[in-house]
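S.K.: Quick one, fold the following:
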Amino acid sequence: MPPNWSPSARRRSGTRIGRSGRLAKGRAPGLSNPPNGREQTSRTGRGLLAALALAFVAGLAGFFWLGMEERPSGRTLAPGAEAQLEPEGRAAELIPAAPPRTSTATPPAADAELEPFASARTSSTRPSGKQGSMRGHVTVSGEEPFPRVWRLVLRPSLLLPEREHALGRTLEFTDGREDFEVGELPLGGYDVFGEAEGFNGQALSVLLEPGSEHPFLNLRMVPAGRLEGRILDARGLAAEGIPVTLFAVEGAAREAVSDAFGVFLFEKLPDGAYELLVGKETAPLLPERHPVRFLAPRLTFPDITLPALGEIHVRVVDSFERPLEGVDVRGSGNNGGAFEGKTDYDGRLHAKHLPGGTFRIRLQHPGFEEQYARRISVLVGPGLVSEAPVRLGP
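M.R.: Numbers count the residues shown, from 1 in each chain. Predicted coordinates for the structure are as follows:
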């Protein structure tokens, strides 16, 4: 027994035990002891959390339900159209929204070729029903007066887009006007310039397109230039009387003759591409043609040296052996070369710078009848002089 255990304490302890036993004996079966305050608070908190969780799940489900009901079907109603209500009892049909449209450029064909200087806005289709016009003013540079006769030239451009739709036109003015106007032109790319005798026209590229159908142009013409050169014989001396022919790519041929200094000259020559031939077109002295690209104001062609050539000395007399003056003499060779002229007071004519070969010569005096005309053949050798005495007349 513990040291401080007294009978009174023992009685108090027994009292408590007996009371508890009595309370236990008097409680209904199946009931436990009432919970203390801490256990009751814990159970209340767990219930509250469960209720909040159920409320959150219910709210979330309701939010998704409302969002699905208000979601658009992805179809766009036409202006003024009203949405049709679904009949009751029919399940709502959800249509997924259409994906956003993306603009994709169609790649060009593998074998497609882009034209030089082609514009991205050009189209192969010709603008239908649309036409334009041009008006403008023309001036000349330098001290030359404005030509009374000139031409306005419109042609499809060499570089601009839509040139395949342009139409070429040429208008001639004979009253010296300096202003012009051209209407009813198909839209397209044009090269426009003025041209006149002795002048070069500077081309201006013009694009007639929607928004720019009626442009105003300022054109200018500049004086044409001069082309000169010199012809030398095989000894390096000036070759006089040599015909020189200049062929234009577009236009007629021109002819000049070398002077006593061997110089030939073409004046008022428009800019452009040419070919130069020594001799006449029908009887060239040299076979090759020399290309020339001329730009005003002046061009000097390199010296041309001739190979060794022959000569023909013609002397014409009448039936009394008197010299005949003024006889027409014309000749041409089978290897090129030609000459023409009149005999002098002594009845002589010297044809120089002739290639080797056979020359056929025709002689006629203007005072004699046609029946007295003569035809002869003369053989010419390089570097040699061939004499051709002729008796003419009744």
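
S.K.: The residue lying closest to residue 224 once chain neighbours are set aside: what secondary structure?
M.R.: With sequence-adjacent residues excluded and distances taken as Cβ to Cβ, 6 or more residues apart in numbering, residue 224 is closest to residue 268, at 4.5 Å. The way it works is simple: take the backbone N, C-alpha and C, and place the C-beta from them, glycine included. Secondary structure state of residue 268, per DSSP: H, G, I helix; E, B strand; the rest coil, is strand.

S.K.: give me the number of residues near residue 268?
M.R.: Neighbours of residue 268 under the rule other Cβ atoms under 10 Å: 13.

S.K.: element containing the nearest residue to residue 291 once chain neighbours are set aside?
M.R.: Spatial nearest neighbour of residue 291, excluding adjacent residues (Cβ to Cβ, 6+ apart): residue 275 at 5.9 Å. Following DSSP states H and E, one finds residue 275 within strand 272-279.

S.K.: Equivalent analysis for residue 52, please.
M.R.: Going by DSSP H and E, residue 52 is part of helix 37-70.

S.K.: Compute the mean per-residue pLDDT across that helix, please.
M.R.: The average pLDDT for helix 37-70 rounds to 65.

S.K.: Pull the contacting residues for the residue nearest to residue 291.
M.R.: 246-247, 289-292 (Cβ atoms under 8 Å, 6 or more residues apart in numbering).

S.K.: what's the distance between it and residue 263?
M.R.: According to Cβ to Cβ, to the nearest Å, residue 275 and residue 263 sit 20 Å apart.

S.K.: cool, residue 162 as well?
M.R.: Remark: distance between residue 162 and residue 263 (Cβ to Cβ) = 48 Å.

S.K.: neighbour count winner among these two?
M.R.: residue 162 (24 against 15).

S.K.: who's in contact with that one?
M.R.: 122, 187-189, 207, 209.

S.K.: Among these, which pair sits farthest apart?
M.R.: Taking Cβ to Cβ as the measure, these span a maximum distance of 11.2 Å, between 122 and 187.

S.K.: Compare the two (neighbour count), which wins?
M.R.: residue 187 (19 against 15).

S.K.: Contacts only, for the more buried one.
M.R.: So, once contact is read as Cβ under 8 Å, 6+ apart, residue 187 ends up touching 127, 130-132, 162, 165, 208-210, 213.

S.K.: was I right about the residue nearest to residue 224 contacting residue 226?
M.R.: Yes. If you go by Cβ atoms under 8 Å, residue 268 and residue 226 touch, sitting 7.4 Å apart.

S.K.: hey, where'd the helices end up in the protein?
M.R.: Chain-ordered helices for the chain, with DSSP state H as the definition, fall at 7-26, 37-70.

S.K.: beta partners of residue 299?
M.R.: residue 227 (DSSP bridges).

S.K.: To what extent is it buried, counted in neighbours?
M.R.: 17.

S.K.: May I see the contacts of residue 162 arranged in JSON lines, with pLDDT and distance to residue 345 as well?
M.R.: What follows is the contacts of residue 162, written out as JSON lines (pLDDT from 0 to 100; distance: Cβ to Cβ, whole Å):
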{"residue": "122", "pLDDT": "41", "distance to residue 345": "74"}
{"residue": "187", "pLDDT": "94", "distance to residue 345": "71"}
{"residue": "188", "pLDDT": "94", "distance to residue 345": "67"}
{"residue": "189", "pLDDT": "95", "distance to residue 345": "65"}
{"residue": "207", "pLDDT": "94", "distance to residue 345": "68"}
{"residue": "209", "pLDDT": "93", "distance to residue 345": "73"}
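
S.K.: any idea how far the residue most central in space within the chain lies from residue 190?
M.R.: Nearest to the mean C-alpha position of the chain, by Cα atoms, centre = their mean, lies residue 159 at 2.7 Å. When distance is defined by Cβ to Cβ, residue 159 is 11 Å away from residue 190.

S.K.: what do those two both touch?
M.R.: Going by Cβ under 8 Å, 6+ apart, residues that sit against residue 159 and also against residue 190 are residue 205.

S.K.: ok, residue 246 - contacts?
M.R.: Counting by Cβ under 8 Å, 6+ apart, residue 246 has contacts 227, 253-256, 266, 269, 274-277, 292.

S.K.: now do residue 240
M.R.: 258-262, 352 are the contacts of residue 240 under Cβ under 8 Å, 6+ apart.

S.K.: can we see that at 7 Å?
M.R.: The contact partners of residue 240, by Cβ atoms under 7 Å, 6 or more residues apart in numbering, come to 258-260, 262.

S.K.: so how many other residues sit close to residue 145?
M.R.: Count around residue 145 with other Cβ under 10 Å applied: 8.

S.K.: I meant residue 319, not that one.
M.R.: Counted with other Cβ under 10 Å, residue 319 comes out at 10.

S.K.: Wait, it touches residue 394, no?
M.R.: Yes. In this structure residue 319 lies within contact range of residue 394 using Cβ atoms under 7 Å: 6.5 Å.

S.K.: hey, where'd the strands end up in the stretch 251-394 of the chain?
M.R.: 254-257, 263-269, 272-279, 284-294, 298-300, 304-305, 310-317, 328-333, 338-342, 348-354, 357-364, 374-380, 385-391 (DSSP state E, counting those that start in this stretch).

S.K.: Any chance you could list what contacts the second one?
M.R.: Spelled out, that is strand 263-269. 198, 224-231, 244, 246, 254, 256-258, 294.

S.K.: can you do 6 Å?
M.R.: The contact list for strand 263-269 (Cβ atoms under 6 Å, 6 or more residues apart in numbering) reads 198, 224-230, 244, 246, 254, 256, 258, 294.

S.K.: Could you identify the most distant pair in those?
M.R.: Of all pairs in the contacts of strand 263-269, the most separated under Cβ to Cβ is 198 and 230 at 24.0 Å.

S.K.: With neighbour numbers in mind, choose between the two.
M.R.: Comparing residue 198 with residue 230 by neighbour count (other Cβ under 10 Å), the higher total belongs to residue 230, at 18 against 14.
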